[in-house]
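Peer 1: model this:
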Amino acid sequence: MRMSRIIINDWLAWGRLLKTWVTGKDYFGNGKTYPRPETLEELKAQLADCGAGSVPDWVVGFELVDRDEKKLSIELPPVEVILNGEAVLRSGKQYPLPAFYRTSGGELVSPDNPTAWLAFHAMRIGEHAVDAFG
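Peer 2: Coordinates of the predicted model:
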């Protein structure tokens with residue numbers, strides 16, 4: 001069974017939270033501030049406050065990593081993630097993509113809708129930040 005280190009309830013809110021931390025700009029417009037968290041407790045509080053999600057109680061540490069555009073960073077997954085993912089796929093279950101990849105009608109976001117694409121962009125950033133493997 002795959003154990004998620006973070007539970008995302010709202011991919012758009014999660015993506016907006018990440019964009020806020022990285023750029024220092026307000027991506028919520030709700031009158032609240034979301035400074036870069038330095039502790040697991042601060043992260044949990046911000047996730048709850050903006051409705052993005054939660055962190056399971058078994059998670060004991062937290063680290064934000066700033067990437068450099070000119071430096072290649074390769075994060076290796078835990079062996080359990082690879083083996084559990086393979087077991088799920090061998091069982092015949094579909095690959096788990098977040099629902100935001102398709103509209104309710106099953107198609108991708110319309111190419112002539114910049115607002116929808118900006119929301120999709122925020123959700124993809126959020127997905128890549130926490131689910132690079134699986």
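Peer 1: How many residues are close by residue 112?
Peer 2: 7 (other Cβ atoms under 10 Å). Yep, even glycine has a C-beta here, placed from its N, CA and C like the rest.
Peer 1: Tell me the spacing between it and residue 8.
Peer 2: 28 Å (Cβ to Cβ, to the nearest Å).
Peer 1: Tell me which residues of the longest helix seen in the chain come out buried.
Peer 2: Looking across the chain with DSSP state H, the single longest helix is helix 114-130. Judged by neighbour count (16 or more other Cβ atoms under 10 Å), helix 114-130 contains these buried residues: 119, 120, 122, 123, 125, 126, 127, 129.
Peer 1: and the last one, what does it touch?
Peer 2: Applying Cβ atoms under 8 Å, 6 or more residues apart in numbering, one finds that residue 129 lies in contact with 14, 18.
Peer 1: Next: the fourth one.
Peer 2: Applying Cβ under 8 Å, 6+ apart, one finds that residue 123 lies in contact with 11, 12, 14, 15, 98, 100.
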